[in-house]
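J.: Predicted model and sequence below, questions to follow.
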Amino acid sequence: MKNIAIVGAGPTGIYTLYSLIKRAQPVAIAIFEQASSAGVGMPYSREENANIMLANIASIEIPPLGQTYLEWLKTQDDAYLSRYGVVRDNLHVRQFLPRILLGDYFHHQFQALVAQARALGYRVAVHEACPVTDLQATAQGVRLWRRDNTEPDMFDFVAIATGHVWPDKSEATRAFYPSPWSGLMEAHVPPGRIGILGASLSGIDAAMAVAIQHGDFISQDEANLRFRLHRHSHALKIVLMSRTGILPEADFYCPIPYQPLQIVTPAALRREIASGAEGLLDRVFQLMVQEITLADPDWSARLSLHTLDADSFTTAWFAERQRHDPFLWARRNLREVEHNKHQRYTVPWRYAVLRLHEAFQEIIPWLTDQDARRVERGLARVFIDNYAAVPPQSIRRLLALHDAGVLSMIALGEDYRCSTAAHHTTITVRGAVEQFDVFIDARGQQALQTEDLPFPSLRRQIQSAGEAIPPVSHDYTLLAPDEAQGRIAFGAIPWLMHDRPFIQGLIACAEIGEAMAGALYQRQPRPRWRLAAIDL
C-alpha cells in the first residue's frame, strides 16, 4: 500500500484527498495541517474573516465535494443561516455568501471524506496544529519532519498543498499591516486616516475590516444600503490606492459551464504554437480580435479593435474607466450588472474575454522572453481585471462608504514612493504627499521563489539544481531535484503564480488536486512555464 502525505488541508489539500478517493485504490494517507482545524483553509477561516466578508465565487462555480455547496446549505438549520444574514428561501446557485460559510462547508465535507476513505479501506491519519518543518527528496522516498517529531517520517509520495502565504503577524505594527491577514482582523484600528494599497477583493476586505469597527451598514432593502458612523468615529477616512485608480467591476451574468470559443480553439492554438515562438503572441492576439469581433461586432467597432495590437489593447481596455470618477463608474456598472442578471443577459465582449484568458494561458510556455514580458505588462492585466470581478454587494458597500464621506480613491500610476515610519506611512504621488495613520498592504498574494520555501532541505536541493523557481510538470510533479521526480507534487499556488498567472481560485485548487492525485499513477511532463505575477 502506497504511503502518501498531503501537506496542507485547505481547499487544494481537500480536493487532492477527494481525487485520491475517487480512484478507489486504497492507500495510506497522512494529512498535515498547521492550523488548529483541518479542512477549512485560511481564506475561509473564522480567525481571518468577519461575517461581512464575501466569497467571490458562487455555488454554481464551486467544484462539488460530494454535495454541492448549495445542497449543503439547504441542509443547515435556519438559526445557523440567519447568523450570516442568509434566508433559506432566497438561496440560489449564483448567490455570493460569507466566506465563513464556505469554510464550514469545506470543513464538513473534509470530515465526510475522511470517514468515507476509512470505510473504503484507506488508512487516513489527520494531524492538526502540526506544521511540517522540512522535506527532503531521496531515492528511497521523501523524508518529512514535523514540529512534534524529531525523527523524520518516510513517504512514497508527498503532495504540497500549503496554500497562500502571508507575512507573519509579528511583522505588523499598530500603524502598518503587511497584509490584511497579518493581524488586522483582531486589531483595534483607531479612527483616522487609513491607507489601503490595492483595490481588488483583498483591498475591499481590508476596508470592510476597518469600517465595521466604526459603523454599521443599514439596509431597508438590497438596493438601498447606507453606512452610519459611530458617534466617536467621524475622523475615519479610508483611502484605496492602486496603479490605475479604478475599482473592480461587479460580477456579471454569463452561462456556466462556459460555452466553447469559436476561433481560439485548442486546434488553432496548437497550429500557432507549431509555427514557432517568433510572432506567436501577435498571431494569437489577432485570433483574439476575430473571436471578440465575432461575439460582439458593435463593441469591437466602438473600441476600434481592428486597429489595436497586444500592447495597445490594454490601454484601450482601461481608458474609458480612467476618464471617469471611479465611484460614478461603479454605480453605473452596478446598475448594468443588476439589470443584466435580472434579464439573464450576457454582455458578449465580457464573456469572450473571460473565456479567452484560459485559452491564452496555453501559449505562455512557448512565448519568447520579450513577449512574455509584454503579456505581463499588458494582456494579463486585462484578463485579471475581467475575471476578478467582485460580488455586487461588495460594490454596494464601497458606494455606501463613499456616500458617507468615509471612502475615497487615489490613482498611484507607475511612479510613486512609499515610506513607512513608526507611527505613520507616507505616499508621494506626482509631488503630492499623502500621510496615513494606519497603512495596509492589500495587494494580494505575491509570487514566491525557491528561496522562500519553508522546507530548508528541499529548498537547498532545488537551489543546488540551479532553479530559482520550483520547476513543475503539467501534472504538478516537481522536476528538481532528480530524486523528487515522481515523488513530490507541488501544488503551492504562490510558487506556481510565476508560471501560471491565472491559477488562483477554487477551480484551480480542484484542478491541481486532481492532477496531483493522478501523478501517483502517470506523468505527462510539459515545458516549464514562466511569467511574473501581476499586480493591478
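T.: Right, received. Where do you want to start? Keep in mind that what you see is a predicted model, and the values were worked out from it rather than measured.
J.: and for the longest helix that the chain contains, what are the contacting residues?
T.: Looking across the chain with DSSP state H, the single longest helix is helix 99-119. The contact list for helix 99-119 (C-beta atoms under 8 Å, 6 or more residues apart in numbering) reads 9-11, 14, 17-18, 20-21, 29, 31, 37-41, 43-46, 49, 51, 53-55, 57, 62, 65-67, 69, 72-73, 84, 86, 124, 126. Where you see a C-beta, it was placed from the backbone N, CA and C, and this is true even at glycine.
J.: Next step: the residues you listed restricted to helices.
T.: Those of the contacts of helix 99-119 lying in helices (DSSP H): Pro11, Ile14, Leu17, Tyr18, Leu20, Ile21, Tyr69, Trp72, Leu73.
J.: The first one: neighbour count?
T.: Looking back up the chat, that one is Pro11. Neighbourhood size, Pro11 [other C-beta atoms under 10 Å]: 31.
J.: ok, now the last one?
T.: Applying the criterion other C-beta under 10 Å, we find 21 residues in the vicinity of Leu73.
J.: show me the contacts for it.
T.: Each residue near Leu73 by C-beta under 8 Å, 6+ apart is listed here: Ser59, Leu81, Val86, Leu91, Leu97, Leu101, Tyr105.
J.: Kindly recompute the last result at 7 Å.
T.: Shown in contact with Leu73 (C-beta atoms under 7 Å, 6 or more residues apart in numbering): Leu91.
J.: Now pLDDT and distance to Leu379 too, for the ones in helices among the contacts of helix 99-119, in JSON lines please.
T.: Formatted as JSON lines, the ones in helices among the contacts of helix 99-119 follow (pLDDT from 0 to 100; distance: C-beta to C-beta, whole Å):
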{"residue": "Pro11", "pLDDT": "96", "distance to Leu379": "27"}
{"residue": "Ile14", "pLDDT": "98", "distance to Leu379": "32"}
{"residue": "Leu17", "pLDDT": "97", "distance to Leu379": "35"}
{"residue": "Tyr18", "pLDDT": "97", "distance to Leu379": "33"}
{"residue": "Leu20", "pLDDT": "95", "distance to Leu379": "36"}
{"residue": "Ile21", "pLDDT": "94", "distance to Leu379": "38"}
{"residue": "Tyr69", "pLDDT": "97", "distance to Leu379": "32"}
{"residue": "Trp72", "pLDDT": "97", "distance to Leu379": "37"}
{"residue": "Leu73", "pLDDT": "98", "distance to Leu379": "37"}
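J.: from the residues you listed, which is closest to Ile507?
T.: Ranked by distance to Ile507 (C-beta to C-beta), the ones in helices among the contacts of helix 99-119 are led by Pro11 at 10.1 Å.
J.: how near is that closest one to Ala480?
T.: From Pro11 over to Ala480 the distance is 26 Å, taken as C-beta to C-beta, to the nearest Å.
J.: cool, and Arg83?
T.: Distance of Arg83 to Ala480, given as C-beta to C-beta: 48 Å.
J.: hmm, back to that, looking at the ones in helices among the contacts of helix 99-119, spot the one nearest Ala267.
T.: Using C-beta to C-beta, those come closest to Ala267 at Tyr18, 31.6 Å.
J.: Give the burial count for the closest one, as a bare number.
T.: Applying other C-beta under 10 Å, we find 22 residues neighbouring Tyr18.
J.: Gly66 is in contact with that one, correct?
T.: No: counting by C-beta atoms under 7 Å, Tyr18 stays clear of Gly66, with 8.0 Å between them.
J.: Given the least confident helix or strand in the chain by mean pLDDT, what are its sheet partners and their directions?
T.: Taking mean pLDDT, DSSP states H and E as the measure, the chain has strand 215-221 as its least confident helix or strand, at a mean of 88. In the sheet, strand 215-221 lines up against strand 224-229 (antiparallel) (DSSP bridges).
J.: Please point out which parts of the strand it pairs with sit buried.
T.: For strand 224-229, a neighbour-count test (16 or more other C-beta atoms under 10 Å) marks Leu225, Phe227, Leu229 as buried.
J.: Would you format those residues as CSV with distance to Gln259 and pLDDT included?
T.: Output for those, formatted as CSV (distance: C-beta to C-beta, whole Å; pLDDT from 0 to 100):
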residue, distance to Gln259, pLDDT
Leu225, 34, 94
Phe227, 39, 97
Leu229, 46, 97
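J.: follow-up on the earlier one: would you mind writing the CA trace of the longest helix of the chain as PDB?
T.: The C-alpha coordinates for helix 99-119 follow below in PDB (Å, rounded to 0.1, in the frame of the first residue of the first chain):
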ATOM      1  CA  ARG A  99     -16.500  33.300   3.300                       C
ATOM      2  CA  ILE A 100     -17.000  31.700   6.800                       C
ATOM      3  CA  LEU A 101     -20.000  29.700   5.400                       C
ATOM      4  CA  LEU A 102     -17.800  28.400   2.700                       C
ATOM      5  CA  GLY A 103     -15.200  27.400   5.300                       C
ATOM      6  CA  ASP A 104     -17.800  25.500   7.200                       C
ATOM      7  CA  TYR A 105     -18.800  23.700   4.000                       C
ATOM      8  CA  PHE A 106     -15.200  22.600   3.300                       C
ATOM      9  CA  HIS A 107     -14.700  21.500   6.900                       C
ATOM     10  CA  HIS A 108     -17.900  19.400   6.900                       C
ATOM     11  CA  GLN A 109     -17.000  17.800   3.500                       C
ATOM     12  CA  PHE A 110     -13.400  17.200   4.600                       C
ATOM     13  CA  GLN A 111     -14.700  15.200   7.700                       C
ATOM     14  CA  ALA A 112     -17.100  13.300   5.500                       C
ATOM     15  CA  LEU A 113     -14.300  12.400   3.000                       C
ATOM     16  CA  VAL A 114     -12.000  11.200   5.800                       C
ATOM     17  CA  ALA A 115     -14.800   8.900   7.100                       C
ATOM     18  CA  GLN A 116     -15.600   7.700   3.600                       C
ATOM     19  CA  ALA A 117     -12.000   6.900   2.900                       C
ATOM     20  CA  ARG A 118     -11.600   4.900   6.000                       C
ATOM     21  CA  ALA A 119     -14.800   3.000   5.200                       C
END
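J.: How far away from the center of its chain is that helix?
T.: A distance of 21 Å separates the centroid of the chain from that of helix 99-119, by C-alpha atoms, centre = their mean, to the nearest Å.
J.: Report the mean per-residue pLDDT for that helix.
T.: Averaging pLDDT along helix 99-119 gives 97.
J.: ok and it relative to helix 11-22, angle-wise?
T.: With axes from the mean of the first three to the mean of the last three C-alpha atoms, to 10 degrees applied, the angle from helix 99-119 to helix 11-22 works out at 30 degrees.
J.: in helix 99-119, what counts as buried?
T.: Using 16+ other C-beta under 10 Å as the test for burial, helix 99-119 gives 99-110, 113-114, 116-117.
J.: Check stretch 507-522 too.
T.: 508-520.
J.: Equivalent analysis for stretch 448-456, please.
T.: By neighbour count on 16+ other C-beta under 10 Å, the buried set for stretch 448-456 is Leu448, Gln449, Thr450, Leu453, Pro454, Phe455.
J.: Kind regards, and thank you for your time.
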